[in-house]
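>>> Sequence first, then the predicted structure, then my questions.
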Amino acid sequence: MRPVTVASSACPQENRQKRAFSRVFRGAAVALAAVIAGGIVTASPLRAQADDPCAAQADGEPYIHSVPASGPYKLYVFGDSLGDGAWAGLTRRFKGDEMVQVFRKTKVNSGIVRADRYDWNRAMVQISHQQFQIAVMMFGANDLQSIRAPGKRHHFNTPGWHEHFNDRIDRILEPLKRNKVAIYWIGLPVVRRPDYSRDYKIVNEIFRQKMEEHGVKFIDVWGSFASPAGGFIMHGTDVRGQMKVLRHQDGVHFTIPGNEKLASFVEMEIRKDIAALTTCLKKAENAD
């Protein structure tokens with residue numbers, strides 16, 4: 001499917017706005033360098049500083065610090081079938097938004113475990129050379145399986161499985177980090193089958209620990225789709241506060257309202273980080 005784009009117009013006023021928009025981004029890289037050189041006070045990527053809109057990572061840079069030379073931020077969505085739903089939700093959340101353009105890079109029936117179906121480690125090296133600034137990732141739906149290694153299978157939650165699974169997560173993240181892509185990793189949701197939910201919690205804890213290790217934002221959505229007791233629910237409020245069916249009958253995937261709600265949590269973080277960077281860029285421009 002095509003990425004979400006903002007339709008161009010021959011209207012003179014809209015063309016003037018488009019040219020102004022491009023000028024802002026052409027100067028953004030220079031301004032960003034001035035911000036970084038100024039030594040921004042850093043903060044954990046999981047905790048924004050309320051008194052400083054330029055809150056940054058431990059490496060001294062804003063969380064989003066790769067700025068497009070012109071045009072909107074490019075947001076790539078990676079993942080399995082749940083990630084595909086997150087992509088669908090993000091296209092709705094950013095529809096008509098001139099600041100962010102959403103692209104689909106998901107593969108249904110894929111995962112971190114089954115590299116024979118689709119090798120995300122190899123694919124990420126190739127895709128990371130493309131020019132994009134933001135990556136949203138959601139994996140795990142198909143990752144409760146054994147990992148096939150030469151001469152051996154490592155069953156789920158065994159030491160060998162953990163070793164290979166952690167290594168593959170590292171190799172997914174590292175090419176993006178080298179290219180200064182801001183990464184947002186969405187955790188798995190509660191599901192209908194109690195045994196799956198139990199195992200998804202194990203996978204989520206691995207994701208959480210690896211994101212902390214890499215300085216990547218982990219978006220925990222478990223409680224947002226669970227009952228007060230922590231169990232699976234089919235219905236809940238959507239992004240407009242209306243009661244809707246949020247989950248499909250398979251007890252794993254989301255409906256359209258569910259995917260939009262799922263996407264809204266990462267959208268909130270992305271908008272906050274873009275706003276913080278914009279504030280920093282304006283401060284740098286005014287300082288000049």
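Here it is on my side, so go on.
>>> Against which helices or strands is the helix ranked longest in the chain packed?
In the chain, assigned by DSSP state H, the helix with the most residues is helix 256-287. Using 3 or more C-beta pairs under 8 Å, 6 or more residues apart in numbering; DSSP states H and E as the contact test, the elements touching helix 256-287 are helix 28-37, helix 81-93, strand 134-138, strand 182-186, strand 217-219, strand 235-237, strand 243-245. Placement of C-beta: from N, CA and C, glycine included.
>>> Just give me how far the second one sits from the chain centre.
Using C-alpha atoms, centre = their mean, to the nearest Å, the distance from the centre of helix 81-93 to the centre of the chain it belongs to is 10 Å.
>>> go on, stretch 107-122?
18 Å.
>>> Now do the strands in the stretch 51-200 of the chain.
Using DSSP state E, counting those that start in this stretch, the strands of the stretch 51-200 of the chain run over 73-79, 100-104, 134-138, 147-149, 152-154, 182-186.
>>> Compare the ones you listed and report which one is nearest to W120.
strand 73-79 (7.6 Å; C-beta to C-beta).
>>> Could you report the distance from V190 to D199?
Distance from V190 to D199, counting by C-beta to C-beta, to the nearest Å: 12 Å.
>>> So if I had to pick from these two, which one is more boxed in?
For the pair V190 and D199, the greater number of neighbours falls to V190 (23 against 18), based on other C-beta atoms under 10 Å.
>>> Just list whatever residues bridge to the nearest residue to the more buried one once chain neighbours are set aside.
In space, and not counting its chain neighbours, V190 is closest to A226: 4.5 Å by C-beta to C-beta, 6 or more residues apart in numbering. Residues in a beta bridge with A226, per DSSP bridges, are F232.
>>> How about the contacts made by A226?
Counting by C-beta atoms under 8 Å, 6 or more residues apart in numbering, A226 touches 189-190, 232-233.
>>> Give me the buried entries from those residues.
189-190, 232 (16 or more other C-beta atoms under 10 Å).
>>> so can I have JSON lines of those residues showing pLDDT and distance to N157?
Formatted as JSON lines, the buried ones among the contacts of A226 follow (pLDDT from 0 to 100; distance: C-beta to C-beta, whole Å):
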{"residue": "P189", "pLDDT": "98", "distance to N157": "19"}
{"residue": "V190", "pLDDT": "98", "distance to N157": "18"}
{"residue": "F232", "pLDDT": "98", "distance to N157": "21"}
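>>> With respect to A284, which of these is nearest?
For those, the nearest to A284 is P189 (39.4 Å; C-beta to C-beta).
>>> What residues does that closest one make contact with?
Here P189 is in contact with 82, 200, 221-222, 224-226, 254, 262 (criterion: C-beta under 8 Å, 6+ apart).
>>> Check G89 too.
G89 touches 254, 259-264, counting by C-beta under 8 Å, 6+ apart.
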